[in-house]
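Visitor: next comes the sequence, and after it the predicted model I'd like to discuss.
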There are 2 protein chains.
Amino acid sequence: MTGKVYLVGAGPGDPELLTLKAARVLRQADAVLHDDLVAEDILRLVPKRAQIRNVGKRCGQKNISQDEINFLMITLAASGLQVVRLKGGDPMIFGRAGEEMAALRKAKVEFEVVPGITAALGAASAAQVSLTHREQSHAVVFLTGHSASGDDPINWRALASLGATLAIYMPGQRYSDIAEKLRFAGMADDTPCAVASRATTSEEQLYVTNLKELGRAPQLATPTLVLVGEVLRHASVSLPLESEFLRGWSPREASVATHAQSHIAQHPPAVHTQKEQ
Amino acid sequence: MTGKVYLVGAGPGDPELLTLKAARVLRQADAVLHDDLVAEDILRLVPKRAQIRNVGKRCGQKNISQDEINFLMITLAASGLQVVRLKGGDPMIFGRAGEEMAALRKAKVEFEVVPGITAALGAASAAQVSLTHREQSHAVVFLTGHSASGDDPINWRALASLGATLAIYMPGQRYSDIAEKLRFAGMADDTPCAVASRATTSEEQLYVTNLKELGRAPQLATPTLVLVGEVLRHASVSLPLESEFLRGWSPREASVATHAQSHIAQHPPAVHTQKEQ
């Protein structure tokens, strides 16, 4: 009997944002290889008899290479096990699933992909902001912040001239690099943007600002995601730097909101977005 | 007692790709307003006592306006009910959630957004193609095909020069319009692309071609989604028009694959992608 590998998306953070299919596959797993960002509550679905291994690349103590992960998946499946490769978010968005699928194809190991809610959609739901809007944004772009430094494969001028909402994954610590790239590429200083930290979890934070001030945003706990675009004017926490959006909130209070609940729903009646006025 | 509105993503088609949270919210609903694309199996989660209403805009018989949908949500919530506004895919991607949230804010009705798997991620999983790739695509763009005709808000030249994977929602019947826009904007004729029809359902089909030939793709059953980009060379069904990718499959057999199962896993060992050779 040969096994099978499931490449499964664990979603953006809230364990309840796992799909029914992902939950079923985890309950039937013989072995689970998971990333750092996967919640404990999700791993509790795995049967006690199953092997569970953290193969997260950030897990401090020991670095495990992509080749080692591929080898583990293939070896476990070849020994007849149902293997779940569990990734934060969705496997097909910045998840290196391309490399893992290539290795599985080469080894002729059967596999199936179970999609997950990717981080940008989790952040959009938490901030109560539609990433597209009939009047303001006809497209949305997902990219990584790694691109903002070093060997840069992104055409920032093209990106800035799209008029799309941008969701920047793994923005790193230097938001100013991203802001400079976009401003230099022609994006307006007052373009609204937000830093979402641990969106959809009990520790989520949302900091709303504009492109000119993005470099001064506080360092929020990772994982973070930066959203850029006119649609952000509708965020549940309004822009701090335009006094017309404030009406009684200090910039600090208006710009950082921490929530004990799993959604961002606090927005006092006095705070409105431009559209609603 | 005041009610609450949940804007919920139903996912891409497969009922099992609903999130655990969406399933919980549906089981507790007093009223459900759903789009056309939502599967029957998902609606079966709703309690028998609850009102269920199809407010899909394509449902032939009678057109219901966005204003009427907003009025229904607000009226039902104001009468103390737990209302689920159930949308195909994810509410924040081409789902008009922006307009619905604005109406709910204005009416001071409490709401919460539950994200769903958006169609592009469903199609990527079904086609076993990562939308991003360390070597080939550092970004992915979601846009709609409506943009390809009439009043066009998309900067196609910028789009073509990004080097990103494109996921084109609601491409309509005229794939040739999309192909022409992208070729005119400078995208290469041999750029791989695919039409995904009803991905993640038992009726899913995937047609893989290139940009030059996209206009000749068959009209597959809606909903469809067009994917464009180098990452498509890794699709489980390989390119029909490059004989080196074929090795024994006729173009017809290689390019259209219908699956009774909920994933596209058929790819005979003789068919390989360029990367793997």
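Guide: On my side now, so go ahead.

Visitor: and the strands in the stretch 51-200 of chain A?
Guide: Secondary structure of the stretch 51-200 of chain A (DSSP state E, counting those that start in this stretch): strands at A:51-54, A:82-87, A:111-114, A:139-144, A:165-169, A:192-197.

Visitor: out of those strands, which comes closest to B:A10?
Guide: strand A:111-114 (16.4 Å; C-beta to C-beta). C-beta coordinates here come from the backbone N, C-alpha and C atoms, glycine included.

Visitor: B:F142: which of the strands of the stretch 51-200 of chain A is closest?
Guide: Across the strands of the stretch 51-200 of chain A, closest to B:F142 is strand A:139-144 (C-beta to C-beta), at 5.0 Å.

Visitor: A:A139 reaches A:H133, doesn't it?
Guide: No: the pair A:A139 / A:H133 is not scored as a contact, 10.7 Å apart, by C-beta atoms under 8 Å.

Visitor: on that earlier part again, need the strands of the stretch 51-200 of chain A in TSV (columns: mean neighbour count).
Guide: Below are the strands of the stretch 51-200 of chain A laid out as TSV (neighbours: other C-beta atoms under 10 Å in any protein chain shown):
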stretch	mean neighbour count
strand A:51-54	14
strand A:82-87	26
strand A:111-114	25
strand A:139-144	26
strand A:165-169	26
strand A:192-197	25
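
Visitor: for B:L211, which of the ones you listed is the nearest?
Guide: Between B:L211 and these, the tightest spacing by C-beta to C-beta is seen for strand A:139-144, at 18.4 Å.

Visitor: would you state the helices of the stretch 1-150 of chain A in chain order?
Guide: A:20-27, A:40-43, A:66-78, A:97-106, A:119-127 (DSSP state H, counting those that start in this stretch).

Visitor: now render those helices as a markdown table, adding distance to A:T209 and mean pLDDT.
Guide: Below are these laid out as a markdown table (distance: least, C-beta to C-beta, whole Å; pLDDT from 0 to 100):
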| stretch | distance to A:T209 | mean pLDDT |
| --- | --- | --- |
| helix A:20-27 | 34 | 98 |
| helix A:40-43 | 32 | 96 |
| helix A:66-78 | 35 | 95 |
| helix A:97-106 | 33 | 95 |
| helix A:119-127 | 13 | 96 |
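
Visitor: okay, those helices, which one's buried deepest?
Guide: The highest average neighbour count among the helices of the stretch 1-150 of chain A, using mean count of other C-beta atoms under 10 Å in any protein chain shown, belongs to helix A:119-127 at a mean of 30.

Visitor: on that earlier part again, need the helices of the stretch 1-150 of chain A in a markdown table (columns: distance to B:M92).
Guide: Below are the helices of the stretch 1-150 of chain A laid out as a markdown table (distance: least, C-beta to C-beta, whole Å):
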| stretch | distance to B:M92 |
| --- | --- |
| helix A:20-27 | 20 |
| helix A:40-43 | 23 |
| helix A:66-78 | 31 |
| helix A:97-106 | 23 |
| helix A:119-127 | 4 |
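
Visitor: re earlier: B:N155: which of the strands of the stretch 51-200 of chain A is closest?
Guide: strand A:139-144 (9.3 Å).

Visitor: now do that closest one: which elements does it pack against?
Guide: Other elements packing on strand A:139-144 under the criterion 3 or more C-beta pairs under 8 Å, 6 or more residues apart in numbering or on different chains; DSSP states H and E are strand A:165-169, strand B:139-144.

Visitor: with respect to A:I64, which of those strands lies nearest?
Guide: Once the helices and strands packed on strand A:139-144 are compared by C-beta to C-beta, strand A:165-169 is nearest, at 21.2 Å.

Visitor: now whatever residue of the stretch 151-277 of chain A ends up closest to chain B, nearest residue through space, not along the chain?
Guide: Nearest residue of the stretch 151-277 of chain A to chain B, counting by C-beta to the nearest C-beta: A:A158, 4.1 Å away. Leaving aside its chain neighbours, A:A158 sits nearest to B:A158 (4.1 Å; criterion: C-beta to C-beta, 6 or more residues apart in numbering or on different chains).

Visitor: ok, that neighbour - contacts?
Guide: A:157-159, A:161-162 (C-beta atoms under 8 Å, 6 or more residues apart in numbering or on different chains).

Visitor: can you rerun that using 7 Å?
Guide: A:158, A:161-162 (C-beta atoms under 7 Å, 6 or more residues apart in numbering or on different chains).

Visitor: and if you look at A:Y175?
Guide: Going by C-beta under 7 Å, 6+ apart, A:Y175 touches A:195, A:214-215, A:217, A:226.

Visitor: got the helices of the stretch 1-150 of chain A as TSV, with distance to chain B columns?
Guide: Shown next, in TSV, are those (distance: least, C-beta to the nearest C-beta, whole Å):
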stretch	distance to chain B
helix A:20-27	4
helix A:40-43	10
helix A:66-78	10
helix A:97-106	4
helix A:119-127	4
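
Visitor: out of those helices, which gets nearest to B:L43?
Guide: Once the helices of the stretch 1-150 of chain A are compared by C-beta to C-beta, helix A:20-27 is nearest, at 14.7 Å.

Visitor: ok, and what's touching that closest one?
Guide: By C-beta under 7 Å, 6+ apart, helix A:20-27 touches A:6, A:8-9, A:32, A:45-47, A:84, A:114, A:116, B:16-18, B:20, B:23.

Visitor: now with 6 Å, please.
Guide: A:6, A:8, A:45-46, A:84, A:114, B:16-18 (C-beta atoms under 6 Å, 6 or more residues apart in numbering or on different chains).

Visitor: then stretch A:194-201?
Guide: Residues outside stretch A:194-201 that contact it (C-beta under 6 Å, 6+ apart): A:12-14, A:122-123, A:126, A:204-208, A:217, A:220-221, A:224-227, A:232, A:235.

Visitor: not counting its neighbours along the chain, what's nearest A:A127?
Guide: Take A:A127 and drop its neighbours on the chain: the residue closest to it by C-beta to C-beta, 6+ apart is A:A235, 4.9 Å away.

Visitor: hang on, isn't that neighbour packed against A:T209?
Guide: No: A:A235 is not in contact with A:T209 according to C-beta atoms under 6 Å; the separation is 10.4 Å.

Visitor: looking at the contacts of B:A158, which is nearest A:I93?
Guide: Using C-beta to C-beta, the shortest approach to A:I93 within the contacts of B:A158 belongs to A:L162, at 18.3 Å.

Visitor: check the closest one and give its pLDDT.
Guide: The model reports A:L162 with a pLDDT of 93.
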